[in-house]
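J.: what's the 3D shape of this:
(3 chains)
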Amino acid sequence: MSSHAAAATLDPHDDPTTTTGIPNKKLLMWAFLASDCMFFGCLISTHLIYRLHPPPGTPSARQVFSIELTSFSTFILLMSSLMMALAVNAIQKGNLKSMRWSLLTTIFFGLIFLGCQVYEFRNFVFEKHLTITNSILGTTFFTLTGTHGLHVLIGVIWLTAMLIYSFTGRLTEKQSIDVESMGLYWHFVDIVWIVIFTAVYLLEYI
Amino acid sequence: MEALAKTDFIAKDDQPAKPLVLWRPTAKTGLISWLTTVDHKRIGFLYGLSALFFFIFGGLEALAIRLQLAVPNNTFLTSAQYSEMFTMHGTTMIFLVVMPMGAAFFNFIMPLQIGARDVAFPRLNAFSFWTFVVGAIVLNIGWFTKDGAPDAGWFGYAPLTTRTFSPTHAIDMWVMGLQLLGVASIAAALNFIVTIINMRAPGMTMMRLPVFTWMTLFTSFLIVLSFPAITIALIEIMMDRLFGTNFFEVSSGGLPILWQHLFWIFGHPEVYILILPAMGIISEILPTFSRKPLFGYPIVVFSGASIGFLGFGVWSHHMFTTGMGTTATAAFSMMTMAIAVPTGVKIFNWIGTLWGGHITMRTPMMFAIGFLWMFMLGGLSGIMHSAAPADAQQHGSYFIVAHFHYVLIGGSLFALFAGIQYWFPLMFGRMISEFWGKVTFWLVFVGFNVTFFPMHFLGLEGMPRRTFTYDANMGWATGNLFATIGAFILAIGVATFFISMIYAFFKGERAHKDQWDGRTLEWSLPVPPPEYNFAVIPTVHARDGWWYAKKHASEIAKETAEHAKEDEAHGGIHMPNQSIYPFLASVGILIGAIGVAVVDHDPSPGFWGTKVAITILGGAIMFVSVLLWACEGADGFHIHLNADGSVREDGGHH
Amino acid sequence: MRLHTFASLLTKSARFPALLGLATMLSGCFWFDGPQSTFDPHGPVARHQMDLFYVTCWVCLVIFMAVGAVLAYTNFKFLARSDADAHAEPPEEAHGNPLVEVSLIGASVLALVIIAIPTLKGIWYSYDVPADEKANAYVVTATGYQWWFKFDYPNEVAKTVDASGKTVNAAFSTANELVIPVGRPVEINLRTLDVIHSFWIPKLAGKVDMMPNRANHLWIEADKAGYFWGQCAEFCGESHAVMRFRVIALGPREFNDWLSNQAEPARHLEAPVADEAKPKAQFASYRTFKRNEAGTTEAFDADPLAGWRKQQQPSPGEDAALVATGRKLFASKTCSSCHTVRGDGYIGVVGPELTHVGARSTIAAGLLENNRDEVHRWIHAPNEVKPGNKMWVSGYLANQIKLTPEDENALVAYLQSLK
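T.: Model prediction:
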């Protein structure tokens, strides 16, 4: 606390009001993500367990999945992470305009991902006849990917709210931690998707 | 980029533009002040009050159970009522009594122990509390509906909880209630983690943290990492019940064993969530009343950590009879034995703390030493369960009932009672009568043992738990009668405790500062502590910071005066603003939860049935509240202490 | 391996003093040979588990005594006895003693090793029939239902009569009373068709759960002929507490007699062909029961195996005409849509098989003694006996079954005749 009076350049990675120097919001987000890891861990485990014990008559995942579309949406989601990183970088430098463009692109990519998922779900239900009730595969698949989709949707709403907020003039580099913790969340959602993509989709093609 | 002074970070309320805000309440008294409070002490008090309220509920349920079992073939309750009683007794005592009582202390005491003025996220803290209340309401709503209260046992094994076998909404309420309690617990735990890591006073290194704070930290990590497992299990059963999915639908290949795994991956850490705070309280009380520092502080801390860590690797010992196969059974047997070691270490260290001390037998100390004896018994019967083949006889019998009540009453509850007696003077500036405190202790101690010791024998004589009746020829009549008599002694003890506590709250003898000659920072405060806790944030020079400060009074006084000047130069004491939005968000959640769990499926076709409409209304209220909550910002005002101790506020209530 | 010897020595020597220690404390209050007592094992599995229990009990008692003694001593020795004492200058600020800590940790680990070795042995022993006895094992399948147990004997064949009157083979199955041969390991496959149940015969073996979509098993062996109580040990709904069963262990000859009697189709009384005789008005003599009233008498409990044996014989004073009426009512009151009576053309599979129900010592899943009064109690008000049971909910209520006293009388006579 002796650094009270010391003048220094603004370092977004150091908050002198906290014991460790890590901003509270960042720490909160990390702890929350640890918890979220367990959420997804349990859902993914459920899917994998039922994958090992398929009841008779379970449809073949390989015939249902469309790996091309999912690969594309995975790529899009990864690119959105890049844009998110750029947005955080921009606000830390106080470049509001650049941040807005990056946020907008992130939102756009997020929406493309969600669009792909909606298309995929409709396709599975109406063309491939895999529903959430008619088999264990449908149950675990839709619950897991649906939960992830919900995370993306919450992320998109958050991003949009932040974008709108940035026009009120209240968002400056001093509040960059707000954008940064949102970014942590977004990256996490992307990483979880990589795991889901591997454990749910790619695994069927080995 | 222009250079900025770091002080810009500190004076956060000095912002260029006013934040978006509709209404920022400032009431200091009255209903609004309680609904909008962000003061960790008030929230802690609310947690404690709710826990004690539900304790009466859970206790009455227990007495009803004991009355039914007092004699063979009794007809006091019907089978269906009995199922509701034991389900709600277990759920209530775990989620609505012991956990919130722990949370009450986490909230009230922990920030004081680390020298903080509040938790890291005061509004999130309020949200945690109100969501807890909402969860408790949803859980208990069934008593007032035709569906009745939940009745599938506190671990609700699928497929008994599926719609096929439990068609009413009772289980929906149980599922929804527990989910909300999970949200509340996780939110609170995240807050405590950040608070402990980030809000320590200068000099309060991790290895100087009071043990209670350490246990708060471990408990919070356990909550954050274990509650997701039960939440997912509950979501899966909810999907099954609401949308007809197949997670636990046996005919479609669902595996009920999965529920057990998910439940106990949560359930076992939960046991430590219930006992670690108790261990923390004991580790505060024993040194104070022995006038000695805790024996082997680092070992106590690390054993707490290893209990928390190993706690994630023993869940299947709740499933020894599910036919896991030999290897898995053996592995979990060994792990369970291993976890006994750090637990034993704690007991050794507590005795080491007493050794050579000057033991004063005040009421908190009596409960603490009672805890040592009872927890030892509960722990040892726990070791007996770890021998899986022997456990095959004990599992699901009254032996188990005896074991976990020794751990949860003899352990958790004794410690929580000790904690109430110990911190009461600090919290309210009044003393609980020493005489009535001791009467309470002996009634509780005797009643508890008379109730639960015979249950060991009942279990070994083959009495399964959750049975609403038994025949006289089984040899269980005497033990059950004993247990029922004991339960009423215990109830009288608890009633005495409540009465002496309520009396003390209004009329008790005035306590003075540092009533017990304490060792940790909370005792450096006036009683009851002011809104801002510390006039000057203390600087910590040693473990047991307040003890050190008392021994080095003159140096500390000089240092404090200097820091006071510095603080005033930086704008005084920063206090967070009140907010109504956490409360409103919880109200939204309540409405939504009632929509999901209580309202009947609308028989009329179409999307906009009553159920969906109510659910969406609740969701919308929550969403808007959270949005406004985010937009109003944290903000705060400043308090300036005048030389005469009076308070002047400025900085504006934005 | 010395530890292992020590552990087994402890097993043997522990039984007596540990029992003494526990029993003296509460002597007179409790006894240890109740019908479901785990202290009174009658087979190798239960005995193994009890021995292990004593090892753990003994080790824990020793730890408790030792630690408790130190705690008591500390508490007494360092108690401040005066106000001055309490406020005396506190002792040196000591923070621990690594040597003491480490040796105590070592001691705890050692104590746990003593428990661990017999535990590991026991896990493998109790899991399955020992390999050298596998060939000799008798196999049955137990299936849990809300709230009764079905026992199938896959290696036996029963007889029934088909529509044309020809005797044909049928599945060999009984309910709620498992009859096993003495001195042979019995491998029980555990299944369930609804929720989770747990199969527990405390005197023969610890419990194993019956799990949907999971093939569990258990093995037991009875040392000598006997009558054993069992009970469901996992909460399975409203009537979990009254979901009980019995195991009857018989010597080889008696077991074979039982098998051959069970294999027969339902017994028909040789009766003078009375023309649809009106049932006599015997119903007035039925006892009425309170809810939850005990279902067995002291006389029966005194020697239940003798009671079971007596039950194998036809009861005196059977009224053939009444039985014949009961047999008809069994169909007209829809009993037959759930219950099987081989030879009488009833093939329901929802409820327990009743071909030889009269030869069981209990009815309603081990709850009620099998006599006229109790059978009447059961069919008269099933929900009072077993709340929420299917016979009441999906039978009586759903089909709006009303039984007149005459109906009940005939049905009781019919069920009692099925020896």
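J.: so whichever strand or helix holds residue A:144, near chain B or not?
T.: Secondary structure from DSSP states H and E places residue A:144 in helix A:136-166. Yes: for helix A:136-166, a contact with chain B is found by C-beta under 8 Å from any C-beta of the partner chain, at A:136, A:138, A:139, A:140, A:143, A:161, A:165. For glycine as for every other residue, the C-beta is placed from the backbone atoms N, C-alpha and C.
J.: of these, which is the most crowded?
T.: Counting neighbours by other C-beta atoms under 10 Å in any protein chain shown, residue A:139 leads these with 30 neighbours.
J.: identify the residues contacting that residue.
T.: A:50, A:132, A:133, B:239, B:245, B:246, B:247 (C-beta atoms under 8 Å, 6 or more residues apart in numbering or on different chains).
J.: between those, which is nearest residue B:226?
T.: Closest approach to residue B:226 among those (C-beta to C-beta): residue B:247, at 19.7 Å.
J.: what distance do you get for that closest one to residue C:41?
T.: Per C-beta to C-beta, to the nearest Å, residue B:247 is found 40 Å from residue C:41.
J.: ok, and the closest non-adjacent residue to whichever residue of the stretch 251-400 of chain B sits closest to chain A?
T.: Of all residues in the stretch 251-400 of chain B, residue B:253 sits closest to chain A, at 2.5 Å by C-beta to the nearest C-beta. Of all residues not flanking residue B:253 in the chain, residue A:55 sits nearest, at 2.5 Å (C-beta to C-beta, 6 or more residues apart in numbering or on different chains).
J.: tell me the pLDDT of residue 95.
T.: Chain wasn't specified; assuming chain A. The per-residue pLDDT reported for residue A:95 equals 90.
J.: look at chain C instead
T.: 67.
J.: distance of residue A:201 from chain B?
T.: 20 Å (C-beta to the nearest C-beta, to the nearest Å).
J.: still on that earlier bit, of the contacts of residue A:139, which are in range of chain C?
T.: Counting by C-beta under 8 Å from any C-beta, no member of the contacts of residue A:139 is near chain C.
J.: now the residues you listed in JSON lines, with neighbour count?
T.: Shown next, in JSON lines, are the contacts of residue A:139 (neighbours: other C-beta atoms under 10 Å in any protein chain shown):
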{"residue": "A:50", "neighbour count": "23"}
{"residue": "A:132", "neighbour count": "20"}
{"residue": "A:133", "neighbour count": "15"}
{"residue": "B:239", "neighbour count": "20"}
{"residue": "B:245", "neighbour count": "26"}
{"residue": "B:246", "neighbour count": "24"}
{"residue": "B:247", "neighbour count": "27"}
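J.: what about the helices in chain A?
T.: A:24-52, A:61-64, A:67-92, A:96-122, A:136-166, A:176-196 (DSSP state H).
J.: who are the packing partners of the biggest strand by length in chain B?
T.: Longest strand in chain B, counting residues (DSSP state E): strand B:636-641. Judged by 3 or more C-beta pairs under 8 Å, 6 or more residues apart in numbering or on different chains; DSSP states H and E, strand B:636-641 is in contact with strand B:573-576, strand B:647-650.
J.: go through that strand and flag the buried ones.
T.: B:636, B:637, B:638, B:639, B:641 (16 or more other C-beta atoms under 10 Å in any protein chain shown).
J.: got it, and stretch C:124-142?
T.: C:125, C:126, C:127, C:129, C:138, C:139, C:140, C:141, C:142.
J.: now, which of the residues of helix A:136-166 next to chain B sits nearest residue B:218?
T.: Once C-beta to C-beta is applied, the member of these that ends up nearest residue B:218 is residue A:143, at 31.5 Å.
J.: in stretch B:612-623, which residues are buried?
T.: B:612, B:614, B:615, B:618, B:619, B:621, B:622.
J.: pick out the residue nearest the middle of chain C.
T.: residue C:230 (1.2 Å; C-alpha atoms, centre = their mean).
J.: show me what contacts the residue nearest to that one when sequence neighbours are not counted?
T.: Among residues not flanking residue C:230 along the chain, residue C:201 sits closest, at 4.0 Å (C-beta to C-beta, 6+ apart). Counting by C-beta under 8 Å, 6+ apart, residue C:201 makes contact with C:220, C:228, C:229, C:230, C:247.
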